[in-house]
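[1] Fold the following and give me the result.
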Amino acid sequence: MIETRAQADREPVPGGAELSSNESPLGPPPSAVDRLLALQHTLHRYPRGASDRLRTEISGHWGVRPESLVLTNGVDEAIDLLTSLTDRVWCTVPGFDAFWTRPETHGVPVTRLPLREDGQPSVVPERVGPHGVVFVARPNNPTGTIVSGAWLDALPDRVDYVCVDETYVDFSEEPGYVPRLGEWDNLCVFRSLSKSLGLAGLRLGVLAAPPRLAARLRERQRFYSADAVSLHLAAAAIGDDAYLERHRARVVRGREHLADLLASSGLFVEVLRTRTNFVVARCPDPAEAVRIQRWLSERGVQVHECSLLGYPGRLRVSVGTEEETALLGGLLTELSRQRSPGPPALE
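    Take a look at the predicted model:
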C-alpha cells in the first residue's frame, strides 16, 4: 500500500500514533493558542492589513526587508508561483513529490536530478539549465541529508530561478540561505511555519526573494490567499523563541532515541540519523517496507513509506511524543518476535 495524498488525509486513530507527517511532538505554541482565543469575536472580518503585519514581524526576526517576503499556502503554492514564471523545472530526487507533481499538473516539463546514497547530486551543476527553476530541499525530505553548498552555489548562474526549501533547517546546524538573499537576484528561500513552529494546521509558509521578484510573485496570488486565523496565529508564534528552542531540543533528543529504537528492532538494514525531525529506516527490499508500513497502520501507528518520494524500500518515521514512540517500539518488538525463529523444542 503506497500512501497517496488522499490516503494521508485520514482521521487519526484514537490511541494511535501519527508518525508519518513530521508534525510537532509538543503541540502548537501557547502564544498561538492564546491569539486564537482572542480572535474568536473577530472572525467575521476580513484580514485587512494582517499580511503586511506578519511580513513585518518575520522581517524583524529573519533580518530581511518586508517587501522580500511572500506568504504562501505551504510550499505547494510557492512551487506553483515560481513555475508560472518559467517553462521548465529541475528538482532533486528522492525529494518532496510536489516538486515534480505540481509542475506536471500545469504541463511544465520536469527534469529529475538523482541523489546518490550520500545525499549529494549525481549530476554536476553544468548539466543543469540553461533555463527554468530548480527546487532543492536543504535538509532534504525524505533523505534527511544536506546538499553541498558548493553544488547549490553554482546554480543561480545557470537557470532563471533557484528555490531552496528550508522547511527543516531549524532542526539542523545549518545557517541556511536567508542571510544570502542579496548575493543573487534569482535566489528564493522557502521556510515553513508547519514544522519548527508547530503550526501544520495553518498551511502557511514564507518565500523570501529579492524585492522585485517577490513583488511579481505576490501579483500572481489570489486576493486574501491566507486566512485571518493563519496570519494572526503565525504573527504570535514567529517571535516565540522559547517554544522554538524547546521544540528543537525535544526533536534532537527524540530523533536519537527513535534511531536507536529502530536500529535495535532488527527489522531494518540501516537507520539514517538525519538533520530533520524524522528518521529513515531502510528495509531489506521495497516490498518489505510496504508490508511493515501496512502492518503498523493496521494497529494505529502511521509511518511514511517513501516510494512516491523516489525512495523505495525506506520508511520515514517522525519524532513523536514519548507515548507515540513507546507504542511504536512495542509494536516493532512484537513484529520482530513474530519473525524470529523460536527456541529449539525440548527433547
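
[2] Give me the longest helix you can find in the chain.
    Assignment by DSSP state H gives helix 241-264 as the longest helix of the chain.

[3] who touches the closest residue in space to Asp165 that isn't next to it in sequence in this structure?
    Closest residue to Asp165 in three dimensions, ignoring its sequence neighbours and counting by CB to CB, 6 or more residues apart in numbering: Ala137, at 4.1 Å. Heads up, the C-betas are built off the backbone N, CA and C, glycines and all. Contact analysis of Ala137 by CB atoms under 8 Å, 6 or more residues apart in numbering lists Thr92, Gly95, Phe96, Phe99, Val164, Asp165, Glu166, Thr167, Tyr168.

[4] so where's the chain shaky on pLDDT?
    Per-residue confidence for the chain (pLDDT under 70) gives these ranges: 1-13, 340-347.

[5] For it, which segments count as strands?
    17-18, 69-72, 89-93, 110-114, 133-137, 161-165, 187-192, 205-208, 270-272, 278-282, 301-302, 304-305, 314-318 (DSSP state E).

[6] what residues does stretch 273-280 touch?
    Against stretch 273-280 from outside (CB under 8 Å, 6+ apart): 22, 139, 141-146, 168, 171-174, 195, 251, 255-256, 258-259, 262, 271-272, 306, 311, 314-319.

[7] who touches Pro114 in this structure?
    Residues in contact with Pro114 (CB under 8 Å, 6+ apart) are Thr92, Val93, Pro121, Ser122, Val123.

[8] show me what contacts the third one?
    Spelled out, that is Pro121. By CB under 8 Å, 6+ apart, the neighbours of Pro121 are Thr92, Leu113, Pro114, Leu115, Val147, Ser148, Trp151.

[9] likewise Glu67?
    Arg55, Pro211, Ala214, Ala215.

[10] Quick check: the second one vs Val33, distance?
    Noted for Pro211: a distance of 34 Å to Val33, by CB to CB, to the nearest Å.

[11] Could you do the third one as well?
    Applying CB to CB, one obtains 30 Å for the distance of Ala214 from Val33.

[12] one step back: check the contacts of Ala137 against Leu39 and report the nearest one.
    Of all these, the one with the least separation from Leu39 (CB to CB) is Thr167, at 25.9 Å.

[13] Now for the nearest residue to Arg158 once chain neighbours are set aside, how many residues are close by?
    In space, and not counting its chain neighbours, Arg158 is closest to Gly129: 3.6 Å by CB to CB, 6+ apart. Using other CB atoms under 10 Å, Gly129 is surrounded by 16 other residues.
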